[in-house]
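# I would like to see how this sequence folds:
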Amino acid sequence: MENENTILDENILEVDTTIEPQYIISVPKFIILSIVSFGIYRTWWQYKAWRFYKQKEKSDISPVARTIFSVFYLNSLFNKIQDSAIEKGYSERYSSVGLFIGVLVAGALSKLPQPFGLITILSFIFFIPPFKALNYAKQNTSDINVIEQEGFNGRQIGLIVFSLLILMLLLILLSFARNMSRA
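As a prediction, this is how the structure comes out:
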């Protein structure tokens, strides 16, 4: 019986989830990916941040749900990131509420007539302080395998190419629509 409990305890230890390797990118790459993806990369970053905390804290949160319903969870993510970074010695501070309000206002600006509505693409600015803080926290945690990504990986290149193709298609369609309205 004791031998069975030992086997069970060992199996539990084997099943224990560890934090997967954390790939981090520079701020300029984050900006490029956010702009060319029209903000989709920011959503991916939020998901990855929540997934990191789920693994780190061994919690049962749903990173997908927290990302989809980010209007309810983004402020708490920004707070969690800042707290983690400060715990590791990060000296920069930011207002989570201020950044969250900035994201909301930038989203509301998308309702402006075009081309003014495109200003919403700049909402990545409000993600930069938490992005930098999360990178710092990861880099300064000893039990996390952090890999600093030098170039763009295949998925990121695919995202850039896909986004540029969509942009080219939109420009062609706009040109076509303009020519049709003149005829």
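
# how about the strands in this structure?
Assigned by DSSP state E, the strands in the chain fall at 22-24, 146-148.

# Would you tell me which of those strands gets closest to residue 134?
Closest to residue 134 of the strands of the chain is strand 22-24 (CB to CB; 8.2 Å). C-betas here are computed from N, CA, C, even on glycine.

# where's that closest one relative to the chain centroid, distance-wise?
Remark: strand 22-24 is offset 11 Å from the chain centroid, using CA atoms, centre = their mean, to the nearest Å.

# partner strands of that strand, parallel or antiparallel?
strand 146-148 (parallel) (DSSP bridges).

# and the longest helix along the chain, what other elements does it pack with?
For the chain, the helix with the greatest residue count under DSSP state H is helix 154-182. When contacts are defined as 3 or more CB pairs under 8 Å, 6 or more residues apart in numbering; DSSP states H and E, helix 154-182 packs onto helix 27-36.

# let's see 10 Å
Judged by 3 or more CB pairs under 10 Å, 6 or more residues apart in numbering; DSSP states H and E, helix 154-182 is in contact with helix 27-36, helix 40-57.

# which parts of it are buried?
156, 159, 160, 163 (16 or more other CB atoms under 10 Å).

# can you tell me the average pLDDT over that helix?
In this model, helix 154-182 has a mean pLDDT of 87.

# again, but for stretch 101-121
On average, stretch 101-121 scores 84.
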